[in-house]
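1. can't give you the sequence, but here's the structure:
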């Protein structure tokens, strides 16, 4: 097999060491979103969150400090008749729904993902994309330049390009890094640390400019592990969460996609004769005369069959109207809308807060918000990965170092005085194994939250420094009781089954580990904590 079927290098953070070196060579970042760096700043941010609403007017958010950006990236609140949502049941359900949407496309296809793997599921999607392009549809793809290094994946992108599909974030011979190097006077909003700011968005937009448009957004990239293609391989059998979307809100998602696409194209245009798009035009003209270059792939027939089976399992989605707001976070333009949204949701919670988040290294603002909710007698439940299930275990090791401080809130007078029996903060680590299920699951890749079974947020944003300061992200916040209840049940009835609760004693041991190898790995993780 050309591609290893493990959860190893599937995220931008896997390139943290390489990109950190590049950032050090080019200098410190010159553009940063306004995020709290100290407990005092976190307290002020939390107070602002208490006084505002995630569904409030533009004044309830602060925008970019860049004058020409401001709040252009803040999208409006959509009324229920402008936004319909349906929950997608983990990876299998998301793949089936995506394929049904894709095959029904009539006008346009826009796909945005950090990772788009050239494995069995990715190649099946690529096959349909080529068919749709041949039918005359506008087909465009954005991937992250540094997060798709696999040889077969790069060949798949070449094949899409030679068939006329634009794939931003890819260049032949792995030359996409050239477009990532910031050049003074050429790169928009020149940022010496730009090489460390990755595109982590997840958008799947089909005919989005039409009345029949539909979209998918959430935590899933494109690849076998996300779509749970192989139940026999725990490392490639992940838990994740997406939502399907219809209505006028798709216009906001289109703007977000097109803004990124145009940004990447404009960077290449600024390079003059080094604009690779010029040469792709000539290359396609030659290939139209000589015939397309034959690309050969290696696949596992068992997994090809499994992909075909999943594709046929699509079922009717139950869409519900909901008040919604689409959120797009672009640290390269000094935006922090998703962090602000999370803080507002947490600050507004009154009785219950359920959070599933794959990569948890709490920044000052998130830590302050979670402890504040617990002191207000909210029952806070957080589910995140254990080192055993994390595709990058050191992230969980670093995150564990914060458990002691977080769980100490349960010993405060405020929590002790609560009448709510479940008041306080509980942390669960996903282990991917339930007592009544022989199937072992791998990484929990979900990123969503539910407050009071009324307001929910589903997206690509992790509770870590990278999502807060470096990665561009997408999310959808919505208010609807049935949808929120469905997400809440996923956590309570499914995710907690495959998790273990962290005790105060365990948290204390994590803060001061005795195992020498564990301590060493944790310290290595701390060296790159701001990059994780």
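-> Sure thing, it's come through. Given the structure is predicted, the values throughout are model-derived calculations rather than measurements.
2. which stretches in the stretch 201-350 of the chain count as helices?
-> For the stretch 201-350 of the chain, applying DSSP state H, counting those that start in this stretch gives helices covering 250-269, 276-290, 301-311, 337-348.
3. so which of these is the most surrounded?
-> For the helices of the stretch 201-350 of the chain, the largest average neighbour count (mean count of other C-beta atoms under 10 Å) is found in helix 337-348, namely a mean of 25. Heads up, the C-betas are built off the backbone N, CA and C, glycines and all.
4. C-terminal to that helix, what's the next element?
-> Downstream of helix 337-348, the next assigned helix or strand under DSSP states H and E is strand 352-357.
5. now the angle from that following strand to helix 337-348?
-> 150 degrees (axes from the mean of the first three to the mean of the last three C-alpha atoms, to 10 degrees).
6. and after strand 352-357, which helix or strand comes next?
-> Elements were assigned by DSSP H and E; along the chain past strand 352-357, the next helix or strand is helix 364-375.
7. any idea of the angle that next one forms with strand 352-357?
-> 150 degrees.
8. which strands and helices sit next to helix 364-375?
-> helix 39-50, helix 337-348, strand 379-385, helix 403-407, helix 413-416, strand 424-430 (3 or more C-beta pairs under 8 Å, 6 or more residues apart in numbering; DSSP states H and E).
9. picking that back up, lowest average confidence across the helices of the stretch 201-350 of the chain, which one?
-> Among the helices of the stretch 201-350 of the chain, helix 276-290 has the lowest mean pLDDT, at a mean of 88.
10. list the contacts of it.
-> Residues outside helix 276-290 that contact it (C-beta atoms under 8 Å, 6 or more residues apart in numbering): 161, 162, 164, 171, 172, 175, 178, 179, 265, 268, 269, 293.
11. and the helices and strands packed on helix 364-375 as a markdown table, adding distance to residue 116?
-> As requested, the helices and strands packed on helix 364-375 are exported to a markdown table (distance: least, C-beta to C-beta, whole Å):
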| stretch | distance to residue 116 |
| --- | --- |
| helix 39-50 | 35 |
| helix 337-348 | 22 |
| strand 379-385 | 23 |
| helix 403-407 | 34 |
| helix 413-416 | 45 |
| strand 424-430 | 25 |
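12. before we move on, back to that, can you add distance to residue 485 and give the helices of the stretch 201-350 of the chain back as CSV?
-> Listed next are those as CSV, based on distance: least, C-beta to C-beta, whole Å:
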stretch, distance to residue 485
helix 250-269, 25
helix 276-290, 48
helix 301-311, 26
helix 337-348, 16
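13. so which of those gets nearest residue 397?
-> Minimum separation from residue 397 across the helices of the stretch 201-350 of the chain (C-beta to C-beta) falls at helix 337-348, 23.5 Å.
14. now the buried members of the contacts of helix 276-290.
-> Applying 16 or more other C-beta atoms under 10 Å to the contacts of helix 276-290, the neighbour count classes 161, 162, 171, 179, 268 as buried.
15. wait, the fourth one sits on residue 145?
-> Yes: applying C-beta atoms under 8 Å, one finds residue 179 in contact with residue 145, separated by 6.8 Å.
16. in TSV, list the contacts of helix 276-290 along with distance to residue 75.
-> Output for those, formatted as TSV (distance: C-beta to C-beta, whole Å):
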residue	distance to residue 75
161	31
162	35
164	31
171	31
172	35
175	34
178	32
179	27
265	22
268	27
269	27
293	41
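17. and which of these is nearest residue 408?
-> Using C-beta to C-beta, those come closest to residue 408 at residue 179, 46.6 Å.
18. sec struct for the closest one, please.
-> For residue 179, the secondary structure call by DSSP: H, G, I helix; E, B strand; the rest coil comes out as helix.
19. give me the pLDDT for it.
-> pLDDT, read off for residue 179, is 84.
20. and if you look at the one 4 residues further on?
-> Per-residue pLDDT puts residue 183 at 85.
21. quick one: contacts for it?
-> Here residue 183 is in contact with 190, 270, 271 (C-beta under 8 Å, 6+ apart).
22. any chance of JSON lines for the residues you listed, columns distance to residue 388 and pLDDT?
-> Below are those laid out as JSON lines (distance: C-beta to C-beta, whole Å; pLDDT from 0 to 100):
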{"residue": "190", "distance to residue 388": "42", "pLDDT": "84"}
{"residue": "270", "distance to residue 388": "46", "pLDDT": "89"}
{"residue": "271", "distance to residue 388": "45", "pLDDT": "85"}
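23. how about JSON lines for those residues, with neighbour count and distance to residue 81 added?
-> As requested, the contacts of residue 183 are exported to JSON lines (neighbours: other C-beta atoms under 10 Å; distance: C-beta to C-beta, whole Å):
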{"residue": "190", "neighbour count": "13", "distance to residue 81": "43"}
{"residue": "270", "neighbour count": "15", "distance to residue 81": "42"}
{"residue": "271", "neighbour count": "17", "distance to residue 81": "45"}
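24. out of these, which one sits closest to residue 56?
-> residue 190 (33.3 Å).
25. does that closest one touch residue 182 like I think?
-> Yes: counting by C-beta under 8 Å, residue 190 touches residue 182, with 5.5 Å between them.
26. what's the distance between residue 524 and residue 393?
-> 11 Å (C-beta to C-beta, to the nearest Å).
27. nearest to residue 81, out of the helices and strands packed on helix 364-375?
-> helix 337-348 (22.0 Å).
28. and the strands in the stretch 401-532 of the chain?
-> In the stretch 401-532 of the chain, the segments counted as strands under DSSP state E, counting those that start in this stretch are 424-430, 447-451, 455-459, 473-479, 499-501.
29. parallel or antiparallel, which strands does the fourth one pair with?
-> Paired neighbours of strand 473-479 in the sheet (DSSP bridges): strand 323-329 (antiparallel), strand 455-459 (antiparallel).
30. now the last one against strand 447-451, angle please.
-> Relative orientation of strand 455-459 versus strand 447-451 (the same axes, to 10 degrees): 180 degrees.
31. show residues contacting strand 455-459.
-> Applying C-beta under 8 Å, 6+ apart, the external contacts of strand 455-459 come out as 54, 202, 217-219, 241-243, 327, 338, 341-342, 345, 348, 447-450, 473-480, 483-484, 487.
32. from residue 251, how far out is residue 105?
-> Taking C-beta to C-beta, one finds residue 105 at 17 Å from residue 251.
33. secondary structure class for the residue nearest to residue 161 when sequence neighbours are not counted?
-> Spatial nearest neighbour of residue 161, chain neighbours left out: residue 167 (5.6 Å); criterion: C-beta to C-beta, 6 or more residues apart in numbering. Secondary structure state of residue 167, per three-state DSSP, is strand.
34. tell me who's in contact with residue 167.
-> Residues near residue 167 by C-beta under 8 Å, 6+ apart: 141, 142, 143, 157, 160, 161.
35. between the helix or strand hosting the fourth one and helix 276-290, how many degrees?
-> I take that to be residue 157. According to DSSP H and E, residue 157 maps onto helix 151-162. Counting by the same axes, to 10 degrees, helix 151-162 lies at 80 degrees to helix 276-290.
36. show the end-to-end separation of stretch 395-405, please.
-> 17 Å (C-alpha to C-alpha, to the nearest Å).
37. and it, what's buried?
-> Buried residues in stretch 395-405, counting neighbours by 16+ other C-beta under 10 Å, are found at 395, 396, 397, 398, 399, 400, 401, 402, 403, 404.
38. now the fourth one: closest residue in space, sequence neighbours ignored.
-> Nearest in space to residue 398, with sequence neighbours left out and distances taken as C-beta to C-beta, 6+ apart, is residue 525 at 4.1 Å.
39. so where's this protein shaky on pLDDT?
-> Filtered on pLDDT under 70, the chain yields the residue ranges 1-30, 532.
40. distance of the most centrally placed residue in the chain from residue 173?
-> Geometric centre of the chain, nearest residue: residue 460, 2.2 Å, by C-alpha atoms, centre = their mean. Going from residue 460 to residue 173 by C-beta to C-beta gives 29 Å.
41. same check on residue 509?
-> Distance from residue 509 to residue 173, by C-beta to C-beta: 49 Å.
42. between the two, which one's more packed in?
-> Between residue 509 and residue 173, residue 509 has the larger neighbour count (other C-beta atoms under 10 Å), namely 15 against 7.
43. fine by me, thanks again.
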